[in-house]
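Student: Sharing a sequence plus its predicted fold:
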Amino acid sequence: MDADGNLKDYLAEERGEELYDYEGNQIGSGKAELKGYIGEKCYFEIDTETGVSVDAVDKMAMYLQLFSKFNETAGD
């Protein structure tokens, strides 16, 4: 829900990796990976279908979930 109590146009699964509309269609995804040749850096990306708008707070929640999962597995 937004700050006014209205339902948003999308749902996010709890790991922060996918966004869905209310019909169950995937409309976005997120990933975290290492990139670079010297001093690898963690890179986060959230992509959505054209015309899909995701609130900044919801993107931050996805980033936090992706970072947490990445941080747990980065030492493997």
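Tutor: Great, that's in hand.

Student: Give the helix, strand or coil label for residue 63.
Tutor: Put simply, residue 63 is helix when judged by DSSP: H, G, I helix; E, B strand; the rest coil.

Student: How about it, nearest residue that isn't a chain neighbour?
Tutor: Nearest residue to residue 63, sequence neighbours excluded (Cβ to Cβ, 6 or more residues apart in numbering): residue 44, at 5.5 Å. C-beta: built from backbone N, CA, C; applies to glycine.

Student: Would you check how far apart the one you found and residue 24 are?
Tutor: Residue 44 is 25 Å from residue 24, where distance means Cβ to Cβ, to the nearest Å.

Student: With neighbour numbers in mind, choose between the two.
Tutor: residue 44 (15 against 7; other Cβ atoms under 10 Å).

Student: any idea whether that one is helix, strand or coil?
Tutor: At residue 44, secondary structure determined by three-state DSSP is strand.

Student: try residue 22
Tutor: The local conformation at residue 22, judged by three-state DSSP, is coil.

Student: swap in residue 67?
Tutor: Per three-state DSSP, residue 67 ends up helix.

Student: Any idea what the closest residue to it other than its chain neighbours is bridged to?
Tutor: Spatially, and ignoring its direct neighbours in sequence, residue 67 is nearest to residue 32 (6.5 Å; Cβ to Cβ, 6+ apart). Per DSSP bridges, the residues bridged to residue 32 are residue 44.
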